[in-house]
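J.: Show me the folded form of this:
(one chain, ligands or ions: 1)
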Amino acid sequence: MKKITIIGGGAAGMAAAVMLARKGCAVTLLERGDRLGRKLSATGNGQGNVTNLHMGPAYYFSDDREKVGRLLSRFSAKDTITFLESMGGIFLPDARGRVYPAGRQASAVTDLLRREIARLGCDVVLGAHVDSLTYDGVFCLKWGSGQMRADAVVLAAGGKAAKNLGTDGTAYALAEHFGHSVTPLSPALVQLRCDPKEVRGLKGIRMDAALTLVRRNRQIFSTRGDVLFTESGLSGDAVFQASSYAEKGDTVLLDLLPDVGRERLAAAVEKGGLLCVVPNGLGRMLAARGNAETLIKRLPFTVTGTLGFDYAQVTRGGIPLGETDENLMSMLQKGLYLAGEIVNVDGVCGGYNLQWAFTSAAAVSEGI
Ligand SMILES: Cc1cc2nc3c(=O)[nH]c(=O)nc-3n(C[C@H](O)[C@H](O)[C@H](O)COP(=O)(O)OP(=O)(O)OC[C@H]3O[C@@H](n4cnc5c(N)ncnc54)[C@H](O)[C@@H]3O)c2cc1C
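T.: Numbering: from 1, shown residues only. Sure thing, here's the model as predicted:
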């Protein structure tokens, strides 16, 4: 029986463990933290947005988007739902195609996977921070006081985002040892920092807004969704999407009432001011700046940066897809497979990153 060791007990590592054990492999899962799936349990504001029915390579950033498309066509959103429901549970889409467990609890998705991993008899070693991976005919893995050998290794140790959930970017070195490169890394799906003066007094206000990102008078990106004002800038789904394209110095323009035309807005403001037009805190700020009607349709914010890796949901960049075969096996070391966020693939907001974790786990398990 083939002995497979998986480094990283996140979404990709746990899914790969289940898929490989179901195929009859002897699987060991090594996780540096004190439990499996900590990040998975925090996803989707704790509700677990596991995939999206609107799926395709256009929703991803990578050095080889076509390959992402090929892999997605082998294991797409419906396969993710089937895979998860094979362990129990019900997974349902919302109006925007975002798929959640019916109970809306991300930690329950982690529990499904954990339970299946235990049922299949996989070995799970917690507190195993692998810091050495070498090959001398078989793989040799070392951590703290432990070590083991394996016929094949799945490196699913995540990226550099959200280090409080176990991923600080140190795992790239395990692949670099075999000659892999790592593309430039940057935080993605992250809050945008703005001039603090522009957001003063707005903290906590949330609106459904149309967002346009402008650079040197050119529209770079536009979307519609949740915008949350924070102490240091802008957050929310729409802002996370824009963060994939934003650069320091760009302007974010918000239309705070995208479904209301200028005439209707003007009539309401003339009758009753800004009451019941925008939240009061925002109304006070707009009134102080004057020209409130215009600002409601085009409220500008200057991007001064992002909140960085610690606050990002995902990592842009990683080990190039081009350095792997069609089953995500390393082209530089036979038997070494790569899955999840450690690879240079990241998706927009809405379930695309977990879909990549499951898609890549499926490719790896087919390859092995
Ligand atoms: C707050 C938040 C919310 C999110 N919400 C969503 C969402 O709703 N939908 C969505 O699609 N995506 C979401 N994402 C992104 C998604 O969670 C990640 O892209 C996905 O979890 C990546 O899976 P992974 O298995 O590759 O890595 P991870 O889930 O990061 O798992 C990697 C694991 O490897 C372990 N590890 C690291 N180094 C080592 C080592 N040397 N030895 C042993 N173990 C190691 C880590 O402790 C970690 O448990 C969210 C991310 C965050 C931070």
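
J.: which parts of stretch 348-366 are buried?
T.: 348-365 (16 or more other Cβ atoms under 10 Å). Any C-beta I mention is one placed from the backbone N, CA and C, and that applies to glycine too.

J.: same question, stretch 191-200
T.: So for stretch 191-200, counting by 16+ other Cβ under 10 Å, buried means Gln191, Leu192, Arg193, Cys194, Glu198, Val199.

J.: pretty sure Val18 is in a strand, no?
T.: No - Val18 is assigned helix when assessed by DSSP: H, G, I helix; E, B strand; the rest coil, not a strand.

J.: Now for the nearest residue to Val138 once chain neighbours are set aside, how many residues are close by?
T.: Distances taken as Cβ to Cβ, 6 or more residues apart in numbering put Arg149 closest to Val138, at 4.9 Å, once the chain neighbours are dropped. If you count neighbours by other Cβ atoms under 10 Å, Arg149 ends up with 12.

J.: From Gly10, how far out is Arg149?
T.: Taking Cβ to Cβ, to the nearest Å as the measure, Arg149 falls 23 Å from Gly10.

J.: helices or strands up against the top helix by length along the chain?
T.: Ranked by residue count and defined by DSSP state H, the top helix of the chain is helix 352-367. Helices and strands touching helix 352-367, by 3 or more Cβ pairs under 8 Å, 6 or more residues apart in numbering; DSSP states H and E, are helix 11-22, strand 51-52, helix 65-74, helix 77-85, strand 336-338, strand 345-347.

J.: one more time with 7 Å, if that's ok
T.: When contacts are defined as 3 or more Cβ pairs under 7 Å, 6 or more residues apart in numbering; DSSP states H and E, helix 352-367 packs onto helix 11-22, strand 51-52, helix 65-74, helix 77-85, strand 345-347.

J.: so that helix versus helix 65-74, what angle?
T.: In terms of direction (axes from the mean of the first three to the mean of the last three Cα atoms, to 10 degrees), helix 352-367 departs from helix 65-74 by 80 degrees.

J.: So which residues lie in contact with helix 352-367, not counting its own?
T.: 11-12, 15-16, 19-20, 23, 43, 50-52, 55, 59-60, 71-72, 74-75, 77, 79-80, 83, 154, 314, 327-329, 337, 339-341, 343, 345-347 (Cβ atoms under 7 Å, 6 or more residues apart in numbering).

J.: Could you list which of those also contact the ligand?
T.: Contacts with the ligand within the contacts of helix 352-367, as defined by Cβ under 6 Å from any ligand atom: Ala11, Ala12, Thr43, Val314, Gly340, Glu341.

J.: what about the last one, distance to Asn217?
T.: Between Glu341 and Asn217 the distance, using Cβ to Cβ, works out to 35 Å.

J.: One more: the second one?
T.: Using Cβ to Cβ, one obtains 41 Å as the distance from Ala12 to Asn217.

J.: Any idea how many residues pack against the residue of the stretch 201-350 of the chain found nearest the ligand?
T.: The minimum distance from the stretch 201-350 of the chain to the ligand, using Cβ to the nearest ligand atom, falls at Gly340 (2.2 Å). Counted with other Cβ under 10 Å, the neighbours of Gly340 add up to 31.

J.: does it really touch Gly159, like I thought?
T.: No - in this structure, Gly340 is not within contact of Gly159 by Cβ atoms under 7 Å, at 8.2 Å.

J.: can you redo the buried residues of stretch 191-200 as JSON lines with distance to Leu253?
T.: Formatted as JSON lines, the buried residues of stretch 191-200 follow (distance: Cβ to Cβ, whole Å):
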{"residue": "Gln191", "distance to Leu253": "17"}
{"residue": "Leu192", "distance to Leu253": "13"}
{"residue": "Arg193", "distance to Leu253": "17"}
{"residue": "Cys194", "distance to Leu253": "12"}
{"residue": "Glu198", "distance to Leu253": "12"}
{"residue": "Val199", "distance to Leu253": "15"}
